[in-house]
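> All I have is the shape, not the residue letters:
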């Protein structure tokens, strides 16, 4: 298979159920976790898989997850090459996240650069959060954990926490992840706003609104400003794909997985991804509700999560800033006197206000791309009745358009959830 | 000398008048330019020199300039180490600038990575522009050339002109120039706003205003926002030190030299540097004027240059954008229809308005650091009467404070020059 997709290094070959156990048996930390010998290990390839191979391997003592990059996009095939280096960036991001947000990402047991292969602890009995949310399952710990994750990873990789030389070295270390960034640049910030082969939507119901969006000059300027920000503002190390499909949950535990899109970019992109995917789920619930399974109370919970995600994040981020800023930005020596302390406190609020506006704009871009672009969400896709689905999608698109073009009208996250409620109620 | 400052690579040694000719004789392109043999070459060390050794070498056929980095700051000595790698970044920047702004920087004839040594064409009979301006010499071609230089180098290294992968590689290539960036971060954005050993000013005349600035919470927040922008916004390849001491001129020719501070940063930093140094010269003229040598007409010329620098830059940058955008930002495919064309045109003006605000803020930071920080300008330093100098400096500081804190009040560059005139006239 090495002749498919991009050129691969000497020694690279995709693993399969047969070849994987012997390989893992030679890695002491992995063999110890599995227990027994390779003959007794059960291997399943479970990649549901846009991009990679994913194996679950279970032995008598425990299990591991194995993720291996292919030199192309699995979903599309060899016609869409994608570099193996994404595994390199993913394991670097996992290491950084584990350092700043310990226990919130899967532990890495082994990384093989040549094979572009990462062995991680098996998260069990976790499921993908999106799957649970479609079934209206609540996750009481989600808001606390995701806001911990965002506040810690974003703050501690920013100029507020890092000396400039250390941050520049980290920026450079992730600068090579351009192929993954380009997917975002094209699929989120560009194609949904033009005629493009990759686009699809519920047709013919959304044909008109898709056309309106393609002809909306203000919206296209707004999304292009976001794209420029994504291209040029290296604020912090982003997860880069922080939707509810990148979160694994139980009732007691929440973990963030799959940071292969990681790079230094604008913080609002990660925060916006979380908000967007919650709002998409909120609008989708009307397509899943039945008389026996009404979803109104769940929708209230989802909007509570939206509010909590911003408000708790904001509080935690500011607390980190006030208690542990060691970076080169906003040097404490400048703000040590009484007037300075007061001024810095006001600036921290102003900083968070600016980040809030960024986050809403990026959320809007993520909502639109999931309805008009290539990659859709099963929250909406699994609504079988196309008319019902289109109605949910239309509300989502209309809110997103307003969030992106009239961002400054939203002064608080409660303003956003109120607008979502009003949109759903046809006001 | 290799035991002074930072560790140096095997093979590095500073050149001197005696050792340089034999070294240059072994470089065919240099030997050919000088003509004859090394015995007939005249060598002068001319570094007036904050940082480096600079030699002028002249032979029967022509001359060259040789710039060699030392592992410390020449002005201060071995107690302030500074990496030799600055020569590496300088020659990379010179190559990029020569590509996009041909003829506006000195041609590089030879670069020696081990010796941290660059041989360039000798600019003759050019002088440092700042020296000429102190004597009230006009340079009719300056505005046209400096705006060409800024528009071309900033546009062509930005996301408007470069595909994202190419720009990210360029960002990474300059990420290592952190020691030079840190000089800027400390000396421009931090120390003038606090008690710091490096600071100096005309004392006691400026003691009060220096204290006011150290206690000005709004100003310290404003300069810290600029510092964060400098740390995190990789908009384009900056020269990084674009004052009138980095410009060499004759009546017919203008060249930009010394880009050792080059890195990917916010465009307004370069534009602001030019504006700031012109405004400093404007205010300084009252200290140089005598009844026999009034400077009013020259001051008018200087403010005309300020206006031209912004207005011509703006026109040229937008023209490049409208005629040759091949980068990933603002994709032309999104703006091909009539509404899109109109929207993009309006956005180009809005983009330039934002860049104008950035440029004024950075200009203000540069004005303040030259009066209260470590490195001063001879425009002001050469005013012998301390009371007269302090009066000029005070006007400059007051305008700068307003430019940085009330930036949004300045809607055009004519508003800035009007404020400068009013400040000088005591209004």
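Looks like it arrived, so ask away. Model, not experiment: these values are computed from the prediction.

> What is the strand or helix carrying residue A:152 packed up against?
Using DSSP states H and E, residue A:152 falls within helix A:142-156. With contacts defined as 3 or more C-beta pairs under 8 Å, 6 or more residues apart in numbering or on different chains; DSSP states H and E, the packing partners of helix A:142-156 are helix A:85-100, strand A:236-238, strand A:247-249, strand A:254-256, helix A:268-288, helix A:296-324. (C-beta placed from N, C-alpha, C; glycine too.)

> Quick one: residues contacting residue A:56.
Contacts for residue A:56 (C-beta atoms under 8 Å, 6 or more residues apart in numbering or on different chains) come out as A:43-44, A:46, A:63-66, A:122.

> Buried ones among the residues you listed?
Among these, those classed as buried by neighbour count (16 or more other C-beta atoms under 10 Å in any protein chain shown) are A:43, A:63-66, A:122.

> any idea of the pLDDT on the spatially most central residue of chain A?
Centroid-nearest residue in chain A, with C-alpha atoms, centre = their mean: residue A:242, separated by 1.2 Å. According to the prediction, residue A:242 has pLDDT 98.

> you'd agree it is in a helix?
No - read with DSSP: H, G, I helix; E, B strand; the rest coil, residue A:242 is coil and lies in no helix.

> The closest residue to chain B within the stretch 101-250 of chain A: how many residues sit nearby?
Proximity of the stretch 101-250 of chain A to chain B (C-beta to the nearest C-beta) peaks at residue A:217, 2.9 Å away. Residues near residue A:217, counting by other C-beta atoms under 10 Å in any protein chain shown, number 20.

> Reduced to three states, what does the residue nearest to residue A:183 when sequence neighbours are not counted come out as?
In space, residue A:183 comes closest to residue A:261 once its chain neighbours are excluded; the distance is 7.5 Å by C-beta to C-beta, 6 or more residues apart in numbering or on different chains. For residue A:261, the secondary structure call by three-state DSSP comes out as coil.

> Hmm, residue A:261 is touching residue A:182, no?
No - counting by C-beta atoms under 8 Å, residue A:261 sits too far from residue A:182 to count as a contact (10.4 Å).

> check which helix or strand covers residue A:111.
Going by DSSP H and E, residue A:111 is in strand A:108-112.

> That strand vs helix A:85-100, what angle?
150 degrees (axes from the mean of the first three to the mean of the last three C-alpha atoms, to 10 degrees).

> Can you list the buried residues in the helix or strand following strand A:108-112?
Using DSSP H and E, the next helix or strand after strand A:108-112 towards the C-terminus is strand A:117-121. Within strand A:117-121, the residues that count as buried by 16+ other C-beta under 10 Å are A:117-121.

> got a list of what residue A:86 touches?
So residue A:86 contacts A:51, A:69, A:116, A:177, A:179-180, A:260 (C-beta under 8 Å, 6+ apart).

> Kindly recompute the last result at 6 Å.
Residue A:86 is in contact with A:69, A:180, A:260, counting by C-beta atoms under 6 Å, 6 or more residues apart in numbering or on different chains.

> go on, residue A:84?
A:69, A:71, A:116.

> For residue A:264, see how far away the closest residue to it other than its chain neighbours is.
Using C-beta to C-beta, 6+ apart and skipping residues adjacent in sequence, the residue nearest residue A:84 is residue A:116, 3.8 Å away. Using C-beta to C-beta, to the nearest Å, one gets 22 Å for the distance from residue A:116 to residue A:264.

> and what of residue A:125?
From residue A:125 to residue A:264 the distance is 35 Å (C-beta to C-beta).

> likewise residue A:113?
Residue A:113 sits at a distance of 21 Å from residue A:264 (criterion: C-beta to C-beta).

> out of the buried ones among the contacts of residue A:56, which are inside strands?
A:43, A:63-66 (DSSP state E).

> Which of these sits closest to residue A:307?
Nearest to residue A:307 among these is residue A:65, at 32.8 Å by C-beta to C-beta.
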